[in-house]
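K.L.:
task: produce atomic coordinates for the following.
(chains A and B)
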Amino acid sequence: AQSVTQLGSHVSVSEGALVLLRCNYSSSVPPYLFWYVQYPNQGLQLLLKYTTGATLVKGINGFEAEFKKSETSFHLTKPSAHMSDAAEYFCASNQAGTALIFGKGTTLSVSS
Amino acid sequence: NAGVTQTPKFQVLKTGQSMTLQCAQDMNHNSMYWYRQDPGMGLRLIYYSASEGTTDKGEVPNGYNVSRLNKREFSLRLESAAPSQTSVYFCASSGAAGYTEAFFGQGTRLTVV
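P.N.:
Numbering: from 1, shown residues only, chains lettered A, B, ... in the order given. The predicted structure follows:
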């Protein structure tokens, strides 16, 4: 069965610092992988996705993620954090014919 | 373009009451989903419908029923609400289960007292 693990339930960075949110997946076959962002009292918005092809994926708001099959990882990064990046981030995966499975989420705090 | 619309946005129920959460999408998607979100638990799948006429249980189906009314609509019913069902419920849809990203509604915040 597939599963998604997000390392660190809470990450704090200073404005302008590197953002690194970790995600590992467990799957018998390479899944499709996604990062979503949730702002307070809102639904989930897609940041980026990996399906096939290029392993470095660029998303909205300056975020990117790299699919590393050998490490079963899909970590999310942003070179320079902005106050508006403060939110909860979810990594998710699915396979053909299945629904999205989510990690438990990582809350990102950004201080000035 | 409305996307995925959920009603109601907020609801308070007494233990034992029943209610139906409504969800509609206007993106001509085949697959629809119901999740619940609880602090520290992420989103957990309750039920999903890969296509019109089919439904399948997810990780936490107990205490819920679903109906895929047509391609656009997917409802979630609580027959006898319990305090453990206090949560935020999200409906989502996707073009095809397992192949594309899902689009989410704004959520229904349900409190059972």
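K.L.:
can we go C-alpha only for contacts and neighbour counts from here?
P.N.:
Noted.
K.L.:
tell me the secondary structure at the residue most central in space within chain B.
P.N.:
Nearest to the mean C-alpha position of chain B, by Cα atoms, centre = their mean, lies B:Trp34 at 2.8 Å. In terms of secondary structure, B:Trp34 is strand; the call rests on DSSP: H, G, I helix; E, B strand; the rest coil.
K.L.:
let me know the pLDDT of the spatially closest residue to it that is not a sequence neighbour.
P.N.:
Among residues not flanking B:Trp34 along the chain, B:Cys91 sits closest, at 4.6 Å (Cα to Cα, 6 or more residues apart in numbering or on different chains). On the pLDDT scale, B:Cys91 is placed at 97.
K.L.:
which helix or strand contains B:Cys91?
P.N.:
strand B:87-94 (DSSP states H and E).
K.L.:
anything in the helix or strand following that strand near chain A?
P.N.:
The helix or strand immediately downstream of strand B:87-94 is strand B:103-104, counting by DSSP H and E. Yes. Using Cα under 8 Å from any Cα of the partner chain, strand B:103-104 reaches chain A at B:Phe103, B:Phe104.
K.L.:
please enumerate the strands of chain A.
P.N.:
Listed in chain order, the strands of chain A (DSSP state E) span A:3-7, A:10-14, A:19-26, A:32-38, A:44-50, A:56-58, A:64-68, A:73-78, A:87-94, A:101-102, A:106-111.
K.L.:
make TSV out of those and add mean neighbour count, mean pLDDT and distance to chain B.
P.N.:
Output for the strands of chain A, formatted as TSV (neighbours: other Cα atoms under 10 Å in any protein chain shown; pLDDT from 0 to 100; distance: least, Cα to the nearest Cα, whole Å):
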stretch	mean neighbour count	mean pLDDT	distance to chain B
strand A:3-7	19	93	10
strand A:10-14	15	98	10
strand A:19-26	21	96	13
strand A:32-38	23	95	7
strand A:44-50	21	95	6
strand A:56-58	16	96	14
strand A:64-68	20	95	16
strand A:73-78	21	97	16
strand A:87-94	26	94	5
strand A:101-102	24	92	6
strand A:106-111	19	97	9
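K.L.:
please compute how far the strand holding B:Cys91 lies from its chain's middle.
P.N.:
Its chain's C-alpha centre and that of strand B:87-94 lie 5 Å apart, by Cα atoms, centre = their mean, to the nearest Å.
K.L.:
got the angle between that strand and strand A:44-50?
P.N.:
50 degrees (axes from the mean of the first three to the mean of the last three Cα atoms, to 10 degrees).
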